[in-house]
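[1] everything below, folded, please.
(chains A and B)
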There are 2 protein chains.
Amino acid sequence: MTIESNETLVGGPEAAARVLVVGAGAIGGFYGSLLARQGWPVSVVCRSEAALVSERGFAIHSDTLGKWRFRPAATATHVTALEEAPDYLLLTTKVLAGEDRAELIRPAVGPRTVIVLLENGVDIEAPFAAAFPDHELISALAFVCVSRTAPGHIHHQAYGGLTLGNYPTGISGAVRRLAAAFRAAGMPVESCDAIVTARWRKAVWNAAFNPASVLAGCIDTGRLMADDAAVRTIRRAMVEVCEVAAAAGHPLPPQTVDAMLENTRRMPPYLTSMTLDALHGRPLEREAILGAILDRARSAGVPAPTLETFDALLRVRTAN
Amino acid sequence: MTIESNETLVGGPEAAARVLVVGAGAIGGFYGSLLARQGWPVSVVCRSEAALVSERGFAIHSDTLGKWRFRPAATATHVTALEEAPDYLLLTTKVLAGEDRAELIRPAVGPRTVIVLLENGVDIEAPFAAAFPDHELISALAFVCVSRTAPGHIHHQAYGGLTLGNYPTGISGAVRRLAAAFRAAGMPVESCDAIVTARWRKAVWNAAFNPASVLAGCIDTGRLMADDAAVRTIRRAMVEVCEVAAAAGHPLPPQTVDAMLENTRRMPPYLTSMTLDALHGRPLEREAILGAILDRARSAGVPAPTLETFDALLRVRTAN
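    Okay, the predicted model is just below:
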């Protein structure tokens, strides 16, 4: 895996790219606002609060970067064709079962639009590659604590790093240009020529900590790490993800699990995104975080009893 | 395994035995009241509502046997020596971690007192056998829906069958006498010469359905059985218990798991005792229902990832 980081391109106004953010919640609003701060024209699609955002923009409060207001170039409640097709279409919707997100974005995808998937989960890219075989696809991972605190209000608490790469592999000029813009806005960015492997790596943490934190009573990572039995179960779940990843052609270094557990132990206590969703009564990203891994496990014949237990308990819990 | 059932001894007043129920909650109050109905002098120890019970007795409302009042021969808040030691000491406390239940009952155990353990879990008898090496020990399993609806009020909804046998094996005259009294009171009773195996058999259901029902959101068995992924996880947990039971010297018939699942599917939706405890904010019997099985699994080197996952999630949940 080649990782490029800490490089900066000079991005003057002549380098500005046209961006459409689809699903401008906390993640989309925050990362969209960073590009807007670099002078890029950024439009947004946000279902529920378009009127408010259109009138007042987003109020961004970042604990590391300060406060600013992000006024999108245009705001819409649904994806429609823009006068000028975007250079980048940044998709930041939740990944929920039963939604055809490729068809959702089709009206706004121009002939040269690069599609950027900034979402959780593994195996999320294939439907877009199939629906847009002639388009460049960028897959992106965010490591960020950001939340929507009120309509039009976004609170960036910590982190913000991105990992970007082409799907299925590679680092194109479009990846470098986007990375440079985020870097110029103050975010650490890695370009990665094996983004699918990076996605599996992130899934190791996500598929263990998100379900465990919800099922143990919507608690933070600190409380989980304080219980030896919980750590053993989380470790077993992480090892299961590594085994599925290896079977899917993405072996991870053997020290991955221990390093992640050690990092988590050193991190301040953290509420996972799934716990935040559960606490707020929002749908859980069970399908993105566990479903695709379990599909792979089953098709590869890799046992994953801990992940299956998490998935089953969350399914029933969600059905109530 | 030899099972004796459907036999009835004639029990006149001359056959009355003196009974002390320690931990007279729903189970203890109900089964104590059945013996009292047969004319046996039954005293009780109940921590929280002794004054009320002493004054008014227990109001028993059984959907199958009608209503009656159970006035104990004596009522106490703590176990103390009685003027005449009981023939049977029936222990029906919850099995929670860190309590020395053998020492709890010692003051009331006379030289000929038979100790009857009517409690959940596996491997619960050994501490009593060690503490009372010269006493006869009966181990008992109840299959009953009974709950405490208010102080001094007990509601018997359904079932009520008992399985009784000596620990570690055998069916003594004291077992037969007790079985006959419960049978005369209207309960189906089996005497079993391999009660430890019967206890493992019951644990197959308990260790799967109790934790799953709580962790999936305190739901009933009907909702669990309606989800294929949940049934797969429950089946895996049951198979793990069977594997631990076999390693502990108590192999169960191969059709055990399927038969239990089929029975559960046919039963009306049922709230497990652990779900009822969770809904009422009472301590969970995690240690009795899972802890002893996992100790056995570890010492025998039998993998039990599903049970370990249940246990870890419940531990953290309970610690909150």
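[2] those helices in chain A, which residues are they?
    Under the criterion DSSP state H, chain A contains helices at A:26-37, A:50-56, A:101-105, A:126-131, A:173-184, A:195-215, A:221-225, A:228-247, A:256-266, A:273-279, A:286, A:292-300, A:305-319.
[3] in the second one, what counts as buried?
    So the one you mean is helix A:50-56. A:50, A:52, A:53, A:54 (16 or more other Cβ atoms under 10 Å in any protein chain shown). Heads up, the C-betas are built off the backbone N, CA and C, glycines and all.
[4] try the fifth one
    The neighbour-count criterion (16+ other Cβ under 10 Å) identifies A:174, A:175, A:176, A:177, A:178, A:179, A:180, A:181, A:182, A:183, A:184 as the buried residues of helix A:173-184.
[5] and which of those residues is nearest residue B:74?
    residue A:182 (77.5 Å; Cβ to Cβ).
[6] what's around the nearest residue to the closest one once chain neighbours are set aside, how many residues?
    Take residue A:182 and drop its neighbours on the chain: the residue closest to it by Cβ to Cβ, 6 or more residues apart in numbering or on different chains is residue A:189, 4.9 Å away. By other Cβ atoms under 10 Å in any protein chain shown, 26 other residues sit near residue A:189.
[7] how about residue A:18?
    Residue A:18 has 18 neighbours, counted by other Cβ under 10 Å.
[8] where do the strands of the stretch 51-200 of chain A begin and end?
    A:58-62, A:66-70, A:75-76, A:88-91, A:114-118, A:137-150, A:153-166, A:189-192 (DSSP state E, counting those that start in this stretch).
[9] quick one: strands adjacent to the third one?
    This points to strand A:75-76. Strand partners for strand A:75-76, identified by DSSP bridges, are recorded as strand A:42-45 (parallel).
[10] show me the contacts for the residue lying closest to residue A:205 once chain neighbours are set aside.
    In this structure, residue A:205 finds its nearest non-sequential neighbour in residue A:260, 5.3 Å apart by Cβ to Cβ, 6+ apart. By Cβ atoms under 8 Å, 6 or more residues apart in numbering or on different chains, the contact set of residue A:260 is A:204, A:205, A:238.
[11] wait, isn't the residue nearest to residue A:182 in contact with residue A:183?
    Yes. Using Cβ atoms under 8 Å, residue A:189 is in contact with residue A:183, at 4.9 Å.
[12] pLDDT at the spatially closest residue to residue A:87 that is not a sequence neighbour, what is it?
    Nearest in space to residue A:87, with sequence neighbours left out and distances taken as Cβ to Cβ, 6+ apart, is residue A:17 at 4.0 Å. Each residue has a pLDDT score; the one for residue A:17 is 96.
[13] is it true that residue A:17 touches residue A:88?
    Yes. Residue A:17 lies in contact with residue A:88 (Cβ under 8 Å); the separation is 5.9 Å.
[14] intersection of neighbour lists for these two?
    With contacts defined as Cβ under 8 Å, 6+ apart, the residues adjacent to both residue A:17 and residue A:88 are residue A:178.
[15] neighbour count winner among these two?
    The neighbour comparison of residue A:17 against residue A:88 (other Cβ under 10 Å) goes to residue A:88, with 22 against 18.
[16] if you rank the contacts of residue A:260 by neighbours, which is first?
    Busiest of the contacts of residue A:260 [other Cβ under 10 Å] is residue A:238, holding 25 neighbours.
[17] quick one, what contacts that one?
    Per Cβ under 8 Å, 6+ apart, neighbours of residue A:238: A:204, A:205, A:207, A:208, A:256, A:257, A:260, A:261.
[18] kindly recompute the last result at 7 Å.
    Contact analysis of residue A:238 by Cβ atoms under 7 Å, 6 or more residues apart in numbering or on different chains lists A:204, A:208, A:257, A:260.
[19] isn't residue A:270 up against residue A:219?
    No. If you go by Cβ atoms under 7 Å, residue A:270 and residue A:219 don't touch, sitting 10.6 Å apart.
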